[in-house]
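[1] Kindly generate the corresponding structure for this input.
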Amino acid sequence: MSSDKEQRKEDPSAHEQMMDSEKHVQRNPHQDFRKVQDSRPEWSEQKKWAFTKTRNPDWKLGDGPNDGGECLTKEHVDIDPYAEGRPATFNYKLLISAVIPRPIGFVSTRSKDGKSTNLAPFSYFGLINHDPPIFTIGYAGGFDHAKDSLTNLSETGECCLNIVSEHFIEAANATSINAPYGISEWALTGLHPAPCKDVKASRVKEAVFSIEGKLMSTQEFESRATPGKKTGVLAIIEGVRFWAREDAINKDRNLIDPAILRPMSRLGGITYGRLLEGVEIPRPDWDQATAPEEAKKLIKPKIDGQ
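    Here you go, the predicted model:
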């Protein structure tokens, strides 16, 4: 299995050939993004994170949607992901615009020989278990065209996962650049590496929350539309140590303050989302949520489609 680094040494343009390169996917819908950017309102520092009520604070079991049923008046279209003539990039664009918001995994790795490092953002990232703490990262392409991050992770079994906040979103985005071999992402961002305790990779000092991780397993995926073509790799990672900024963590060290974390999420195309408001909705308890007579009304045969 040849690494992406080796391929770059042989072919300086290899960084342009990655499956998720901007030239291949064309996420940016604007011909002149600077002009579009200049037309928009300024970033607001006045918007503080706050709680609001839910849309229908009086919602009760059985009430259905909170829009008065308007959503039920809309029709749907079905989409075959493998329809003849449908490019795989269409599915990519569709899914990243629909499955939102997604957390951003800002992944730091170090090569096996310790001579090079990599820092890259991933929106195919998630938390799937807490005991042990388990995280997932999805890499575009297969091991035959492995990114530096995947090569480092698979060879060393270590990484550091950093949560992206507002105060360094531009720097995090900069690491997605298709830089040629030998260019340091850390230098491009201006961010500062900080030492970890259980892994050799550095954490991002600017990050409010970081996770030291050890690789548990990987799984490579093959295209349905083009059999034989490797399209992605899933990495499953165990979190072995957490780092939290002192002003963001509570006394019991079990809650991060969202007003300080100010996390950024990934939306579709080139769009990111700010988290400015939250609502609290307690999980219902059957005995508390239903009086005996109300419970009888809710116990009905399943309707068509259920």
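[2] quick one: contacts of the one helix or strand Pro121 maps to?
    Element membership of Pro121 [criterion: DSSP states H and E] is strand 117-122. The set of residues external to strand 117-122 that reach it, using Cβ atoms under 8 Å, 6 or more residues apart in numbering, is 104-111, 137-139, 147-149, 152, 164, 172-173, 175-176, 184-186, 189, 191, 193, 201-202, 204. Backbone N, C-alpha and C define where each C-beta goes, glycine included.
[3] Could you rerun that using 7 Å?
    104-110, 137-138, 148-149, 152, 164, 172-173, 175-176, 185-186, 189, 202 (Cβ atoms under 7 Å, 6 or more residues apart in numbering).
[4] what residues are up against Ile100?
    Leu267, Gly268.
[5] distance of Pro133 from Ile249?
    From Pro133 over to Ile249 the distance is 16 Å, taken as Cβ to Cβ, to the nearest Å.
[6] How many neighbouring residues does Arg110 have?
    Arg110 has 23 neighbours, counted by other Cβ atoms under 10 Å.
[7] List phi and psi for it.
    With angles defined as degrees, to the nearest 10, Arg110 sits at phi -130, psi 140.
[8] ok, it - contacts?
    Per Cβ under 7 Å, 6+ apart, neighbours of Arg110: Thr117, Asn152, Thr156, Lys200, Ala201.
[9] Below-threshold pLDDT in the stretch 51-200 of the chain: ranges please.
    181-182 (pLDDT under 70).
[10] ranges for the helices of it?
    88-98, 148-156, 169-174, 185-189 (DSSP state H, counting those that start in this stretch).
[11] May I see the contacts of Arg110 organised as a markdown table, with distance to Ile100 and neighbour count added?
    Below are the contacts of Arg110 laid out as a markdown table (distance: Cβ to Cβ, whole Å; neighbours: other Cβ atoms under 10 Å):
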| residue | distance to Ile100 | neighbour count |
| --- | --- | --- |
| Thr117 | 30 | 19 |
| Asn152 | 28 | 27 |
| Thr156 | 32 | 19 |
| Lys200 | 34 | 18 |
| Ala201 | 28 | 24 |
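[12] before we move on, the earlier item: which of the helices of the stretch 51-200 of the chain sits closest to Gly228?
    helix 88-98 (13.9 Å; Cβ to Cβ).
[13] for that closest one, which positions count as buried?
    Ala88, Tyr92, Lys93, Ile96 (16 or more other Cβ atoms under 10 Å).
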